[in-house]
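K.L.:
Sequence first, predicted model second:
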Amino acid sequence: MTVILDAGGVSALAGQRARLVELRRRGYWPAQVPVIVLTEALTGDHRRDFHTNRLLRACQIRNVDEPQAREGARLRTCTGRAGTISAPDAIVVAFASTWPDPVVLTSDPHDLGALTEHTARPITVATV
C-alpha cells in the first residue's frame, strides 16, 4: 500500500501524532505528497505552518510531471464537475494512479471519489 496525502490529509494528520505512529508501525509511512499539495496546505507563515511543516518533513514530496497534469485535467473533465473540483485534487488522483496499491488520505472523499471513478487503476480514498 502506498499512502498519498492531499491537502486535507496533510492538515488533518499534522495534529494526529497517534495516527502517524500507527501508520509507521504498519509500514505505510512515509507518505507520498505531490508538490502541488503544498500550495493548498501551507500559508507561507512559518508560525502558522509549524505543525504542517513538521509533518511534511516526514513525507516524501514528489514532483508532478506533464503527463500527470494532463491526466488530472482529463479526470476533472470526466466527472462533469470540472468547475467545482479543484485542479490540485485532480492532480493528486492522477499522481496516485501511478503508484502501486494507492490509498489517498483526505478530508474530502466526495470530490476525490468522483475523480477515482475515471482512473484506469483502482485507487482507495480514505477519510482522515
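P.N.:
That came through, no problem.
K.L.:
Every contact and neighbour count from this point should use C-alpha atoms.
P.N.:
Fine.
K.L.:
helices and strands around the least confident helix or strand in the chain by mean pLDDT, which ones?
P.N.:
Here the helix or strand of the chain ranked lowest by mean pLDDT, DSSP states H and E is helix 17-25, holding a mean of 91. Judged by 3 or more Cα pairs under 8 Å, 6 or more residues apart in numbering; DSSP states H and E, helix 17-25 is in contact with no other helix or strand.
K.L.:
Quick check: buried residues in that helix?
P.N.:
Leu20 (16 or more other Cα atoms under 10 Å).
K.L.:
Following element in sequence after it, please.
P.N.:
strand 32-34 (DSSP states H and E).
K.L.:
hmm, who's touching that following strand?
P.N.:
2-6, 59-64, 92, 95 (Cα atoms under 8 Å, 6 or more residues apart in numbering).
K.L.:
Of those, which belong to strands?
P.N.:
2-5, 60-62 (DSSP state E).
K.L.:
mind giving me JSON lines with the residues you listed and columns for distance to Leu23?
P.N.:
Shown next, in JSON lines, are these (distance: Cα to Cα, whole Å):
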{"residue": "Thr2", "distance to Leu23": "11"}
{"residue": "Val3", "distance to Leu23": "9"}
{"residue": "Ile4", "distance to Leu23": "12"}
{"residue": "Leu5", "distance to Leu23": "13"}
{"residue": "Gln60", "distance to Leu23": "14"}
{"residue": "Ile61", "distance to Leu23": "17"}
{"residue": "Arg62", "distance to Leu23": "19"}
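K.L.:
hmm, which of those are the buried ones?
P.N.:
2-5, 61.
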